[in-house]
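Peer 1: only geometry, no sequence info:
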């Protein structure tokens, strides 16, 4: 589960709870949509991998659905997640900004201390080592 969807089951369940009532997952046609949990799984596999592993055909085979379902599920889950933006993102206080800048300066270099990206400790897996400060950033 963790290797394929790139998050823990408890986190997956929480995200399903947050998005399952979004209007994008409900319709009034005679052909019901796939469960929100399956659509989220499809989305996570696509965005959590690159290259051949993220191809629609590969994800469709893994999930047992059509390629068009992979494409639509990816779009629908992305829209539902974007609707959570204001709940998940908040502005830093001045003290939090200063603390983050000091941390960056102590770990990387002074010239990066006015930047921002993942002050909460979130890591971003990189495909390859960056050429600029690569040894400090690649993990």
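Peer 2: Looks like it arrived, so ask away. This one's a predicted model, so the numbers in the text were calculated from it and none came from an experiment.

Peer 1: Would you mind naming the helix or strand containing residue 91?
Peer 2: Remark: residue 91 resides in no helix or strand, with elements defined by DSSP states H and E.

Peer 1: er, residue 104 I mean
Peer 2: Per DSSP H and E: helix 94-107 holds residue 104.

Peer 1: Next, the buried residues of that helix.
Peer 2: Neighbour counts over helix 94-107 (16 or more other CB atoms under 10 Å) mark 100, 101, 104 as buried. C-beta coordinates here come from the backbone N, C-alpha and C atoms, glycine included.

Peer 1: any chance of these in CSV, plus pLDDT and distance to residue 90?
Peer 2: What follows is the buried residues of helix 94-107, written out as CSV (pLDDT from 0 to 100; distance: CB to CB, whole Å):
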residue, pLDDT, distance to residue 90
100, 79, 14
101, 80, 18
104, 76, 19
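
Peer 1: hang on, the earlier thing: which neighbouring elements make contact with the helix holding residue 104?
Peer 2: Judged by 3 or more CB pairs under 8 Å, 6 or more residues apart in numbering; DSSP states H and E, helix 94-107 is in contact with no other helix or strand.

Peer 1: Distance from the chain centre to it, please.
Peer 2: 25 Å (CA atoms, centre = their mean, to the nearest Å).

Peer 1: Ok, stretch 17-31 next?
Peer 2: With CA atoms, centre = their mean, you get 20 Å for stretch 17-31.

Peer 1: How about stretch 90-100?
Peer 2: That offset, for stretch 90-100, works out to 23 Å (CA atoms, centre = their mean).

Peer 1: go on, stretch 82-96?
Peer 2: For stretch 82-96 - counting by CA atoms, centre = their mean - the centre lies 16 Å from the chain centre.

Peer 1: just stretch 40-58 next, same as before
Peer 2: With CA atoms, centre = their mean, you get 12 Å for stretch 40-58.
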